[in-house]
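In: Please work out how this folds:
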Amino acid sequence: MPHRFDPAILAMLRCPITGAQLQQDGDSLVAENNGERIRYPMVDDRPVLTPSAAIRTDSDSAMPDQTPPAETGAAS
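Out: Numbers count the residues shown, from 1 in each chain. The predicted structure follows:
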């Protein structure tokens, strides 16, 4: 079961990328900004609020936007 943040503490937390207020969504915190959702994971009931931990998604999508890696090397 995910840790539930005290609403007063959650109201003070902000997205380190956009400054938007964070909302709890299950076991992560989420910021919404211009149709994009930025999700921060929770590790040991603590949010990891660093830009490198951010997972960007469309607000319409539950799955992260993932661009396939570019192929390397020439085709045979």
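In: Now stretch 47-55: buried residues?
Out: Neighbour-count burial for stretch 47-55, counted by 16 or more other CB atoms under 10 Å, picks out 47, 49, 54. For the C-beta atoms, the positions are set from N, CA and C on the backbone; glycine is no exception.
In: Turn the residues you listed into TSV, columns for secondary structure, distance to Gln23 and pLDDT.
Out: As requested, those are exported to TSV (DSSP: H, G, I helix; E, B strand; the rest coil; distance: CB to CB, whole Å; pLDDT from 0 to 100):
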residue	secondary structure	distance to Gln23	pLDDT
Pro47	strand	12	90
Leu49	coil	13	96
Ala54	coil	15	96
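In: Dump these to JSON lines, plus distance to Cys15.
Out: Formatted as JSON lines, those follow (distance: CB to CB, whole Å):
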{"residue": "Pro47", "distance to Cys15": "11"}
{"residue": "Leu49", "distance to Cys15": "8"}
{"residue": "Ala54", "distance to Cys15": "8"}
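In: mind listing what the residue positioned nearest the centre of the chain touches?
Out: The centroid of the chain falls nearest to Arg39 when counting by CA atoms, centre = their mean (1.0 Å). Contact analysis of Arg39 by CB atoms under 8 Å, 6 or more residues apart in numbering lists 25, 28-30, 54-57, 64.
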